[in-house]
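Q: could you look at this predicted model? Sequence included:
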Amino acid sequence: MATFAAPPADLHPSDNPGLDPRLGVAAAAFANSRHQMLIDGQFVASTSGKTFPVFNPANGEVICEVPEGDSQDVDKAVHAARRAFDSGPWHTMSPSGRGQLLWKLADLLEKHTDEFAELESLDNGKPVSVARVADVPLAVDLFRYMAGWATKTMGSTIPLSAGPDFLSYTVREPIGVVAQIIPWNFPLLMAAWKLGPALATGCTVVMKLAEQTPLTGLRLAQLITEAGFPNGVVNILTGFGEPCGAPLAAHDLVDKVAFTGSTEVGKLIAKAATGNLKKVTLELGGKSPAIIFPDADMDAAIAGAASAIFFNQGQCCCAGSRLFAHESVFDQVVEGMSSIAGKIKMGAGLDPLTECGPLVSEEQFDRVTGFLKSGREQGAKFGAGGGRHSDRGYFVQPTVLSEVRPGMKVVDEEIFGPVVVAQKFSTDADLDKLAMQANDTIYGLAASVWTKDLSAAHKMARRIKAGTVWINCHNVFDAALPFGGYKQSGWGREMGAEVLNNYTEVKAVTIKL
Ligand code: NAI
Ligand code: MG
């Protein structure tokens, strides 16, 4: 990997150009500390001794170095998780004991809300104001919600047609050792979405953090040990996809792999899992439609559609990245969204006034600006944005494109940046035709419908092929609501009661009386 010098260990936080002077004392101290992975309850360097740099996306400077885990570390972590599952104290811990640990972790995280929000903002680039009210509290809530499920993974009794001499019941058992590979767009929240249900059901975990954003996951690892989870129950690795993620997904002692990221890597994960036929769940890409009917509350719909795409710099798998507006309101919607886009305050995430931070990395910056170039070459009209903001950091302006059609890269592919493509639908398009347009994508993660006509809204909801449909809102999440994709957006669901099925096996027990 790139060779950047780590900041010396004794560097004062104020002398580290990768840090931000607005960081609080706790976040600055953690970011500046020596980082280690969590394996079998111990904080350790990588076996190879290698590290890699973590960048501040607002200025491109190195924040710190973290261990570069590889297959040797994966192997150690998987064996630790295996022992903890098969014979450690986790194996005999009561459901209520597991619930209490999860609740304690939630309390610890909540107590450190500001520190986590600042670290997330520093590492990912997102506005700290957003991390404080969304990422961190949603993660806390998820742990509490899952703590409640720890005592409620139940089976059922089943009457057999063979007659009354039989008694049959089912039990739900933890699936075993779980590999979890997460992305960088909501680093802490993705860790919580994955860890919560695995621990509630009694599994043990080896998690690989995203190489772009390891900081909140590493800090969470400290809270996990502070909460008192037994050694080996949660192991947290830092490293890159191929050298660290791939051997984890392929490991024979892993019973299940849960992945969130690109559809491309999702397919590799599915292949890697075939060796021992481990169970697989995937939460992948999207190109979600936001559909505005002519009778919608226009101010709310325009503001809502803008937030649907620009939230988190557009780096959301469920971003409302394809806008469909009725022809009678199309110009009003495009102008309204462009005007909002032009006023969004851009800056470093740690500036409390920032509404849109940088993209997460130089790679994502190049990817998104590549899409903008392609849109320009293929004839899209730019209502707002279209370029980089600032000559330092990975900022891309909120961008509204119209005069686009299927077949153009910006319409067909996931951009994963603050870029919306707007298409119109006509008066004679009935709901079936409109749904065909909305469903004309390999993805099926989410959609939003904006209208006052309840009947049309629910008819559209039925026609949309996606795991989530929002009506007169977008990006509404709750620990109790299942989330996941149809088609190439993935396999299985995160959150809600649904996710528990991903982490349990069902056993049918029958006795002849
Ligand atoms: P990615 O899919 O390569 O990375 C996600 C995670 O998978 C990271 O932890 C990475 O280290 C790991 N990984 C990469 N290659 C792997 C392999 N061969 N085996 C096992 N693990 C592997 O996504 P990337 O490159 O960061 O972003 C590319 C695009 O993916 C984005 O532009 C966006 O379109 C999409 N994406 C979707 C996300 C979602 O929430 N569904 C999140 C992040 C990215
Ligand atoms: Mg990748």
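A: Yes, it's here. Quantities reported herein were computed from a predicted structural model and do not represent experimental measurements. Ligands and ions are numbered 1, 2, ... in the order given.
Q: please report the distance of the closest residue to ligand 1 within the stretch 51-200 of the chain from residue 291.
A: As assessed by C-beta to the nearest ligand atom, ligand 1 sits closest to residue 183 within the stretch 51-200 of the chain, at 3.3 Å. All C-beta spots, glycine's among them, are computed from the backbone N, C-alpha and C. Using C-beta to C-beta, to the nearest Å, one gets 27 Å for the distance from residue 183 to residue 291.
Q: which one's more surrounded, the two?
A: Set residue 183 next to residue 291 and count neighbours by other C-beta atoms under 10 Å: residue 291 wins out with 28 against 21.
Q: show me what contacts the more buried one?
A: 324, 325, 425, 434, 438, 447, 448, 449, 450, 460 (C-beta atoms under 8 Å, 6 or more residues apart in numbering).
Q: for it, what are phi and psi?
A: Backbone geometry at residue 291, expressed as degrees, to the nearest 10, gives phi -110, psi 120.
Q: do the same with residue 289
A: Here is the backbone geometry of residue 289 (degrees, to the nearest 10): phi -80, psi 140.
Q: for residue 442, list the residues it contacts.
A: Residue 442 is in contact with 263, 287, 487, 488, counting by C-beta under 8 Å, 6+ apart.
Q: can you rerun that using 6 Å?
A: Shown in contact with residue 442 (C-beta atoms under 6 Å, 6 or more residues apart in numbering): residue 488.
Q: likewise the one 3 residues further on?
A: Contact criterion C-beta under 6 Å, 6+ apart gives 286, 288, 317, 318, 466, 467, 485, 489 as the residues in contact with residue 445.
Q: please redo it, this time with the cut-off set to 7 Å
A: 286, 288, 317, 318, 466, 467, 468, 485, 489 (C-beta atoms under 7 Å, 6 or more residues apart in numbering).
Q: for burial, what's the neighbour tally of the second one?
A: Other residues lying near residue 288 total 32 when counted by other C-beta under 10 Å.
Q: you'd agree it is up against residue 318?
A: Yes. Counting by C-beta atoms under 7 Å, residue 318 is a contact partner of residue 288 at 5.4 Å.
Q: need the residues touching each of these two.
A: Common contacts of residue 288 and residue 318 (C-beta under 7 Å, 6+ apart): 445, 446.
Q: about what we covered before: which members of the contacts of residue 291 occur in strands, if any?
A: Judged by DSSP state E, strands contain the following of the contacts of residue 291: 324, 325, 425, 447, 448, 449, 450.
Q: got JSON lines for these, with pLDDT, neighbour count and distance to ligand 1 too?
A: Shown next, in JSON lines, are the ones in strands among the contacts of residue 291 (pLDDT from 0 to 100; neighbours: other C-beta atoms under 10 Å; distance: C-beta to the nearest ligand atom, whole Å):
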{"residue": "324", "pLDDT": "98", "neighbour count": "25", "distance to ligand 1": "21"}
{"residue": "325", "pLDDT": "98", "neighbour count": "29", "distance to ligand 1": "24"}
{"residue": "425", "pLDDT": "96", "neighbour count": "19", "distance to ligand 1": "26"}
{"residue": "447", "pLDDT": "98", "neighbour count": "30", "distance to ligand 1": "16"}
{"residue": "448", "pLDDT": "98", "neighbour count": "28", "distance to ligand 1": "17"}
{"residue": "449", "pLDDT": "98", "neighbour count": "29", "distance to ligand 1": "22"}
{"residue": "450", "pLDDT": "98", "neighbour count": "29", "distance to ligand 1": "24"}
